[in-house]
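*Asks:* starting from these lines, generate the structure:
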Amino acid sequence: MVYRDTVIAATGCSPAQLMMGRHIRTTLPTLPTALRSRWPNPDLVRQRDCDRYHGVCPLRPLSPGDTVRVRTDNEKSWTNT
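*Replies:* Here you go, the predicted structure:
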(Lines give C-alpha, C1' and ligand atoms only; values in the text may rest on other atoms or scores of the structure.)
Protein backbone atom coordinates (compact mmCIF):
# COMPACT_ATOMS: atom_id res chain seq x y z
CA MET A 1 0.00 0.00 0.00
CA VAL A 2 2.80 2.41 0.84
CA TYR A 3 4.51 1.68 -2.49
CA ARG A 4 1.31 2.52 -4.38
CA ASP A 5 1.22 5.86 -2.58
CA THR A 6 4.90 6.71 -3.19
CA VAL A 7 5.57 9.42 -5.76
CA ILE A 8 7.52 8.17 -8.79
CA ALA A 9 10.15 10.61 -10.06
CA ALA A 10 9.41 9.91 -13.74
CA THR A 11 5.75 10.99 -13.52
CA GLY A 12 5.75 13.23 -10.44
CA CYS A 13 2.73 11.30 -9.12
CA SER A 14 2.09 8.05 -7.29
CA PRO A 15 0.33 5.12 -8.98
CA ALA A 16 -2.65 5.68 -6.68
CA GLN A 17 -2.88 9.33 -7.74
CA LEU A 18 -2.88 8.32 -11.39
CA MET A 19 -5.62 5.73 -10.82
CA MET A 20 -7.85 7.46 -8.25
CA GLY A 21 -6.84 11.12 -8.29
CA ARG A 22 -5.76 11.15 -4.66
CA HIS A 23 -3.36 9.63 -2.15
CA ILE A 24 -4.60 6.45 -0.51
CA ARG A 25 -4.94 5.84 3.20
CA THR A 26 -1.97 3.87 4.52
CA THR A 27 -0.58 3.03 7.94
CA LEU A 28 1.66 6.10 7.72
CA PRO A 29 0.16 9.21 9.33
CA THR A 30 -1.39 11.46 6.68
CA LEU A 31 -3.20 14.76 6.84
CA PRO A 32 -6.86 14.50 5.82
CA THR A 33 -6.31 17.22 3.21
CA ALA A 34 -3.90 14.89 1.36
CA LEU A 35 -6.75 12.39 0.87
CA ARG A 36 -8.90 14.85 -1.11
CA SER A 37 -9.22 14.24 -4.84
CA ARG A 38 -6.83 16.25 -7.01
CA TRP A 39 -6.39 14.68 -10.43
CA PRO A 40 -2.93 15.21 -11.89
CA ASN A 41 -2.73 16.99 -15.24
CA PRO A 42 -2.52 14.09 -17.76
CA ASP A 43 -0.60 16.17 -20.31
CA LEU A 44 2.03 17.07 -17.73
CA VAL A 45 2.36 13.45 -16.57
CA ARG A 46 2.67 12.23 -20.16
CA GLN A 47 5.27 14.89 -20.91
CA ARG A 48 7.32 14.02 -17.81
CA ASP A 49 7.19 10.27 -18.34
CA CYS A 50 6.98 9.49 -22.06
CA ASP A 51 8.99 12.38 -23.43
CA ARG A 52 11.85 11.82 -21.01
CA TYR A 53 11.88 8.06 -21.60
CA HIS A 54 11.77 8.28 -25.38
CA GLY A 55 14.05 11.32 -25.71
CA VAL A 56 11.44 13.44 -27.45
CA CYS A 57 12.47 16.97 -28.36
CA PRO A 58 10.72 19.69 -30.35
CA LEU A 59 11.57 19.81 -34.05
CA ARG A 60 12.13 22.92 -36.12
CA PRO A 61 9.34 23.75 -38.56
CA LEU A 62 9.71 22.45 -42.11
CA SER A 63 9.90 24.82 -45.03
CA PRO A 64 9.02 24.11 -48.66
CA GLY A 65 12.00 22.51 -50.39
CA ASP A 66 13.50 20.94 -47.22
CA THR A 67 14.85 17.41 -47.64
CA VAL A 68 12.93 14.81 -45.66
CA ARG A 69 14.07 11.19 -45.12
CA VAL A 70 11.30 8.57 -45.26
CA ARG A 71 11.23 4.85 -44.61
CA THR A 72 8.16 2.65 -44.94
CA ASP A 73 7.66 -0.68 -43.20
CA ASN A 74 8.46 -2.69 -46.34
CA GLU A 75 11.77 -0.93 -47.11
CA LYS A 76 15.08 -1.61 -45.42
CA SER A 77 16.72 1.73 -46.22
CA TRP A 78 15.85 5.41 -45.99
CA THR A 79 14.95 7.46 -49.07
CA ASN A 80 15.13 11.23 -49.52
CA THR A 81 11.96 12.93 -50.66
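*Asks:* in stretch 4-14, which residues are buried?
*Replies:* Neighbour-count burial for stretch 4-14 flags 5, 11, 13-14 (criterion: 16 or more other Cβ atoms under 10 Å). To be clear about C-beta, it is placed using only N, CA and C from the backbone, and glycine gets the same treatment.
*Asks:* check the offset of that stretch from the chain's centre.
*Replies:* Stretch 4-14 sits 11 Å away from the centroid of its parent chain (Cα atoms, centre = their mean, to the nearest Å).
*Asks:* same question for it, mean pLDDT?
*Replies:* Confidence for stretch 4-14, expressed as mean pLDDT, is 80.
*Asks:* please apply the same query to stretch 21-41.
*Replies:* Averaging pLDDT residue by residue across stretch 21-41 gives 74.
*Asks:* farthest from the middle of this protein: give me that residue.
*Replies:* For the chain, the largest distance from the centre (Cα atoms, centre = their mean) belongs to G65, which lies 34.0 Å off.
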